[in-house]
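J.: here you go, sequence then predicted model.
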Amino acid sequence: MPKVTKIPPRLNPATFAPLESVEKRKVAGYARVSTDSEEQKTSYTAQVDYYTKFIKERIDWEFVGVYTDEGISATNTRHREGFNRMIADALNGKIDLIVTKSVSRFARNTVDSLTTIRKLKEKGVEVFFQKENIYTLDSKGELLLTIMSSLSQEESRSISENVTWGQRKRMADGKVSLPYSHFLGYRKGKDGIPEIVPEEAEIVRYIYRSFMEGKTPNHIAECLTFKHIPTPAGKEIWSPSTIESILTNEKYRGSALLQKSFTVDFLSKKKKINEGELMQYYILESHEAIIPPDEFELVQAEYTRRKRIGRAYNSKNIFSAKLVCECCGGYFGSKIWHSTSKYRRTVWQCNGKFKNGKKCMTPHLYESHIKEKFLTAMNQVLANKTEIIENCLLFKETFSNTAMIEEKIENIQKQMEQLTKQIRMLIQKQSITPIKSEDYYRQYDGLVISFGKLKFKQDTLIQKQDEMENKLKFIMDYIEFLKSQENLITEFSETLWFRAVDQVTVCTDGKMIFAFKDGSKIKV
């Protein structure tokens, strides 16, 4: 019979520390509160004091420190600096035991919680949850932890749903809330209604005015940065995207579109632009406007026009994307002649003049020549101002009548809804009583192709409707502009050029056809 000799264990299977070791365990505390309220700040300080004393009272523990996160939600651990620093230190051997109040203080996400604890377990690091009395290296620890983490995750889901319900109820009631700390021009006023901040409102008006004088968002951003005006977030450097956001935000016209985006998942906090998935609420005259509604709508029309032009538009020169070649239809661009000599001159020439081996026959132009021709054309307009205003009012009636287009869009929408029902019925039928795959895909593809054609027609009509509405805005602005001009013009004005001229066609004989915002044309 074999002789068996028992060799007792020398190491703790969980911590890998010698069983007879008198070395103290390196212990850290973790404290967190999820809001910045005064009540929670008191709780936060109390937690730090408690863990400092609690750890130091144990003679077999060595106090490492208390890691903290203040005013941070715990649904995931990505943005918790104190927590992440603590885990890194533990994995690097600086901590043997982490003491925290409860599973919900550690993490409300089951996956995050278990993943982190298993990483720590591999390194022999233990976590002690006081409220639940769980030691993670205990044989029962992981089962209990899984149950408690799941309960905490459900609590987070419940809280998130309650908060979302409250937000949507306020939206439905027409209550407007702005991120005031990052929103230029308004502060929270009485009864929670946005109130204008006069000095900030002037910056907003400057942005809108500059845009309508021909400046691009990039140019405006550079000007504000140069003037040392802080951004809405208090930074020194303005970005074009910030300017675009201000130019297109309906809050500045005194209205509010609510629920532009929504949270997709309460765990990741990922947000998505609302493209029709959820109800939206548009509130007119919800608060005092900084930009008059008519001016705001004109800016939106101009913003859309420039987006359509694309890179051809350049605010560094007011003639960019305005001069068009009669030969090829391309834009004129500025060119410098004799750049290194005393004869240096800037001319405007068709950008495609020497492309594709075919020379455009339109001549080059000097800026003085363009300005001179513009004054001639503009004064002809002003000489017939009364007649032109009457014609503009007739155009207004034409562009105001979009009822026929709206009816067509509505009919197409009904047809698309019917096709959607047919597609759903076909899919459902196939799942219950399958037909031949060739027949199924033939029917399915046919319905999808028909839907695509209708969608294209609808998009085309919507674009045409938008163009008519934008044209109407430009005509109304042009009428007001003509009414304000009492005398003939003797000097060139950039503002005048930008407000009056839509496009100028340069002919091969050197003549120029000025197309004005009302659609009228004058050949000079």
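T.: Happy to help now that I have it.

J.: for stretch 322-339, buried residues please.
T.: Judged by neighbour count (16 or more other CB atoms under 10 Å), stretch 322-339 contains these buried residues: 322-328, 330-334. Where C-beta positions appear, they are placed from N, C-alpha and C, glycine not excepted.

J.: what comes into contact with it?
T.: Stretch 322-339 is contacted by residues 312, 317, 319-321, 343-353, 360-362, 364-365, 370, 501, 503-508 when judged by CB atoms under 8 Å, 6 or more residues apart in numbering.

J.: repeat for stretch 490-508
T.: Looking at stretch 490-508 with CB under 8 Å, 6+ apart, the contacting residues turn out to be 212-214, 318, 322-327, 332, 350, 361-363, 365, 370-371, 374-375, 378, 381, 474, 477-478, 481, 489, 512-517, 519, 523.

J.: stretch 358-368: end-to-end distance?
T.: Start and end residues of stretch 358-368 are separated by 28 Å (CA to CA, to the nearest Å).

J.: then stretch 319-332?
T.: Distance between the boundary residues of stretch 319-332 (CA to CA) amounts to 8 Å.

J.: what mean pLDDT would you report for it?
T.: In this model, stretch 319-332 has a mean pLDDT of 87.

J.: again with stretch 475-486
T.: Per-residue pLDDT values across stretch 475-486 average out to 78.

J.: from the chain's centroid, how far away is that stretch?
T.: Put simply, stretch 475-486 sits 35 Å off its chain's centre (CA atoms, centre = their mean, to the nearest Å).

J.: buried residues in it?
T.: Residues 475-479, 482 are the ones in stretch 475-486 that count as buried (16+ other CB under 10 Å).

J.: and if you look at stretch 179-189?
T.: Of the residues in stretch 179-189, those with enough neighbours to count as buried (16+ other CB under 10 Å) are 183-186.

J.: how far away is Thr248 from Pro230?
T.: 21 Å (CB to CB, to the nearest Å).

J.: care to break the protein down by domain?
T.: Under automatic domain parsing, the residue ranges defining each domain of the chain are 25-159, 180-310, 323-523.

J.: packing partners of the helix or strand harbouring Glu297?
T.: Using DSSP states H and E, the element containing Glu297 is helix 293-309. The helices and strands touching helix 293-309, judged by 3 or more CB pairs under 8 Å, 6 or more residues apart in numbering; DSSP states H and E, are helix 198-212, helix 240-248, helix 437-484.

J.: let's see it at 6 Å
T.: If contacts are counted by 3 or more CB pairs under 6 Å, 6 or more residues apart in numbering; DSSP states H and E, helix 293-309 sits against helix 437-484.

J.: list just the nearest of the buried residues of stretch 322-339 to Phe226.
T.: Comparing the buried residues of stretch 322-339 against Phe226 with CB to CB places Ser334 closest, at 23.1 Å.

J.: secondary structure element for the closest one?
T.: Per DSSP H and E: Ser334 is located in strand 332-337.

J.: immediately after that strand, which helix or strand?
T.: Beyond strand 332-337 in the direction of the C-terminus, DSSP H and E gives the next helix or strand as strand 345-350.

J.: for that next one, buried residues please.
T.: 347-350.

J.: ok, residues contacting it?
T.: In this structure, residues lying in contact with strand 345-350 by CB atoms under 6 Å, 6 or more residues apart in numbering are 325, 330, 332, 334-337, 360, 362, 364-365.

J.: quick revisit: could the buried residues of stretch 475-486 go into JSON lines alongside distance to Leu461?
T.: Supplementary listing: the buried residues of stretch 475-486 in JSON lines, determined by distance: CB to CB, whole Å:
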{"residue": "Ile475", "distance to Leu461": "21"}
{"residue": "Met476", "distance to Leu461": "23"}
{"residue": "Asp477", "distance to Leu461": "25"}
{"residue": "Tyr478", "distance to Leu461": "26"}
{"residue": "Ile479", "distance to Leu461": "27"}
{"residue": "Leu482", "distance to Leu461": "31"}
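
J.: of those, just say which sits nearest to Ala90.
T.: When those are compared for distance to Ala90, the smallest value, 65.4 Å, is given by Asp477; criterion: CB to CB.

J.: quick one: Tyr44 and Val33 touch, right?
T.: Yes - the pair formed by Tyr44 and Val33 meets the contact definition of CB atoms under 6 Å, at 4.4 Å.

J.: do a quick rundown of the helices in the protein.
T.: When secondary structure is read from DSSP state H, the chain shows helices at 38-56, 81-91, 103-106, 110-122, 141-172, 198-212, 217-226, 240-248, 293-309, 367-383, 385-400, 403-432, 437-484, 494-500.

J.: any idea how far Gly185 is from Ile196?
T.: Distance, Ile196 to Gly185, by CB to CB: 7 Å.

J.: same thing with Lys523?
T.: 45 Å.

J.: what's the answer for Met378, then?
T.: Met378 is 35 Å from Gly185, by CB to CB.

J.: who's Arg25 bridged to?
T.: The residues paired with Arg25 through beta bridges, assigned by DSSP bridges, are Trp61.

J.: how about it, what does it touch?
T.: Residues in contact with Arg25 (CB under 6 Å, 6+ apart) are 61, 96-97.

J.: specify which member of the residues you listed is nearest to Val125.
T.: Checking the contacts of Arg25 against Val125 with CB to CB, the nearest one is Asp96 at 6.2 Å.

J.: burial measure for the residue nearest to Asn218 when sequence neighbours are not counted, as a count.
T.: Closest residue to Asn218 apart from its sequence neighbours, by CB to CB, 6 or more residues apart in numbering: Pro240 at 4.5 Å. A count of nearby residues for Pro240, using other CB atoms under 10 Å, gives 14.

J.: looks like Pro240 contacts Thr216 (just checking).
T.: No - Pro240 sits out of contact with Thr216 when judged by CB under 6 Å, with a separation of 7.5 Å.

J.: sorry, back to before: so how far is the strand holding Ser334 off the chain centroid?
T.: Chain-centre distance of strand 332-337: 36 Å, with CA atoms, centre = their mean.

J.: and that strand, which strands flank it?
T.: Partners of strand 332-337 in its sheet, by DSSP bridges: strand 345-350 (antiparallel).

J.: and the contacts of stretch 322-339, which are buried?
T.: The neighbour-count criterion (16+ other CB under 10 Å) marks 319-321, 347-353, 360, 362, 364-365, 370, 501, 504-506 among the contacts of stretch 322-339 as buried.

J.: picking that back up, got a list of what the residue nearest to Asn218 touches?
T.: Contacts for Pro240 were tallied using CB under 6 Å, 6+ apart; they are 217-218, 221.

J.: pLDDT weak spots in this structure?
T.: Within the chain, the stretches with pLDDT under 70 are 1-22, 34-43, 71-79, 107-111, 139-177, 258-282, 309-316, 356-357, 395-400.
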